[in-house]
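> model this:
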Amino acid sequence: MTSIHIRSATLIDGNGGPPVPGTDVLTSADEIVAVGPGDSVAARVPAGAEVIDGVGCTVMPGLIDAHCHITFDDVQSNDELFFHRQPATAALMTIFNLPKLL
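Predicted structure coming up:
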């Protein structure tokens, strides 16, 4: 299991509060394990963890790209997609693509 320790970055947590400078973030595999001041997170960092110097950088843990076009398939142009596509075809592509997104 790979752990990553980002040290002394500015954290934007996405909850509407101001950015928090000097914050450490520890991840393990695909989970955020710890977030907080350096000394509280450092105690939880396992041996062999990758360490990233976050000074001057901003992190936003948990941020994902949720923008997708579930009705798209292998179209060749916008004209084909928006003007020559039957609604039933778009519905079938959605049925096919949505489980992949989830």
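> In the top helix by length along the chain, which of the residues would be classed as buried?
Counting residues, the longest helix found in the chain (DSSP state H) is helix 87-101. Residues of helix 87-101 classed as buried by neighbour count (16 or more other CB atoms under 10 Å): 93, 97. Yep, even glycine has a C-beta here, placed from its N, CA and C like the rest.
> so what's the residue sitting nearest the centre point of the chain up against?
By CA atoms, centre = their mean, the chain has its centre lying nearest to Ile64, at 3.1 Å. Ile64 sits next to no residue when contact means CB atoms under 8 Å, 6 or more residues apart in numbering.
> Ok, the one 3 residues further on next?
For His67, the set of contacting residues under the criterion of CB under 8 Å, 6+ apart is empty.
> do the same with Ala47
By CB under 8 Å, 6+ apart, no residues touch Ala47.
> Stretch 81-93: end-to-end distance?
By CA to CA, to the nearest Å, the extent of stretch 81-93 from end to end equals 12 Å.
> what's that stretch in contact with?
So stretch 81-93 is contacted by 70-73, 75 (CB under 8 Å, 6+ apart).
> Just the mean pLDDT for it, thanks.
In this model, stretch 81-93 has a mean pLDDT of 84.
> and the least confident helix or strand in the chain by mean pLDDT, how far from the chain's centre?
Within the chain, no helix or strand scores below helix 78-83, which has a mean of 78 by mean pLDDT, DSSP states H and E. How far helix 78-83 lies from its chain's middle: 30 Å, per CA atoms, centre = their mean, to the nearest Å.
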